[in-house]
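> here is the input, now give the coordinates:
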Amino acid sequence: MTDGAPADARSRFRPARAPALRAQHADAAAWAAAIDVIRDPVPPYEGRFLHRDFQPGNVLFDVRPAKPAGVRITGVVDWAGTSWGPADLDVAHCSTNLALLHRPAWGLRFAEAYEEAGGGLAAAASDRLYWRVRDGLAFSEEVEFVSQPWREAGRTDLTTRVVEERLDA
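The predicted model follows:
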């Protein structure tokens with residue numbers, strides 16, 4: 001890796017282990033393909049300071065009632081899990097959260113919008129896919145843990161089954 005990070009920071013991204021598939025209704029072929037993606041070596045990346053829990057619940061917004069289309073981001077909170085790594089990882093994490101909250105198209109659109117706004121991701125599509133799949137698989141063992149707080153916050157539509165289906169997509 002050519003990111004200038006100390007070796008101990010780079011070693012954080014070892015090839016990922018395949019998670020245990022917990023969703024009984026999961027598409028086995030899709031999950032097998034995802035596991036094959038993360039068995040590849042970790043792609044090279046330019047290191048960045050990462051939030052590591054970058055997702056809508058950690059972003060503060062200013063929404064003016066007279067101009068709802070003029071929403072502004074005013075801050076990002078919960079910096080407890082920071083680390084060093086590829087920007088793709090924070091973008092993938094937010095994309096996964098958006099896909100689970102609002103459907104997969106939202107997650108894919110976030111990555112596009114990030115690049116349109118000037119953010120840099122891995123040049124190779126296969127490298128971007130690696131980080132997206134790695135983040136999605138990390139959610140596979142925590143579906144109930146992830147979906148329960150959303151339901152408590154009023155998103156009663158986000159049953160464990162619905163979140164599993166969106167993750168499967």
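
> so for the top strand by length along the chain, mean pLDDT?
With DSSP state E setting the assignment, residue counts place strand 67-76 as the longest strand in the chain. Confidence over strand 67-76, taken as the mean pLDDT, stands at 85.

> so where's this protein uncertain?
By pLDDT under 70, the low-scoring segments of the chain are 1-26.

> which residue ranges form the helices in this protein?
Secondary structure of the chain, counting by DSSP state H: helices at 7-10, 28-39, 87-102, 104-116, 125-140, 143-152, 160-168.

> got the buried residues for the third one?
Meaning helix 87-102. Buried residues in helix 87-102, defined by neighbour count with 16 or more other Cβ atoms under 10 Å: 87-102. Using the backbone N, CA and C atoms, a C-beta is placed for each residue, glycine as well.

> ok now that helix, how far from the chain's centre?
Helix 87-102 has its C-alpha centroid displaced from the chain centroid by 3 Å (Cα atoms, centre = their mean, to the nearest Å).

> distance of the nearest residue to Asp53 once chain neighbours are set aside from Gly154?
Computed as Cβ to Cβ, 6 or more residues apart in numbering, the closest residue to Asp53 that is not its neighbour in sequence is Gly81, at 5.2 Å. When distances are taken as Cβ to Cβ, to the nearest Å, Gly81 and Gly154 turn out to be 25 Å apart.

> got it, and Glu144?
Distance, Glu144 to Gly154, by Cβ to Cβ: 18 Å.

> those two: which is more packed in?
More neighbours surround Glu144 than the other of Glu144 and Gly154, with 12 against 8 (other Cβ atoms under 10 Å).

> the more buried one - nearest residue in space that isn't next to it in sequence?
Across the structure, with Cβ to Cβ, 6+ apart as the measure, the residue nearest Glu144 apart from its sequence neighbours is Thr160 (5.2 Å).

> same deal with Leu89?
Setting aside the residues directly before and after it, Leu89 is nearest to Trp131 in space (Cβ to Cβ, 6+ apart), at 5.3 Å.

> next up, the contacts around the one you found.
When the contact criterion is Cβ atoms under 8 Å, 6 or more residues apart in numbering, the partners of Trp131 are Pro43, Pro86, Asp88, Leu89, Val91, Ala92, Ala122.
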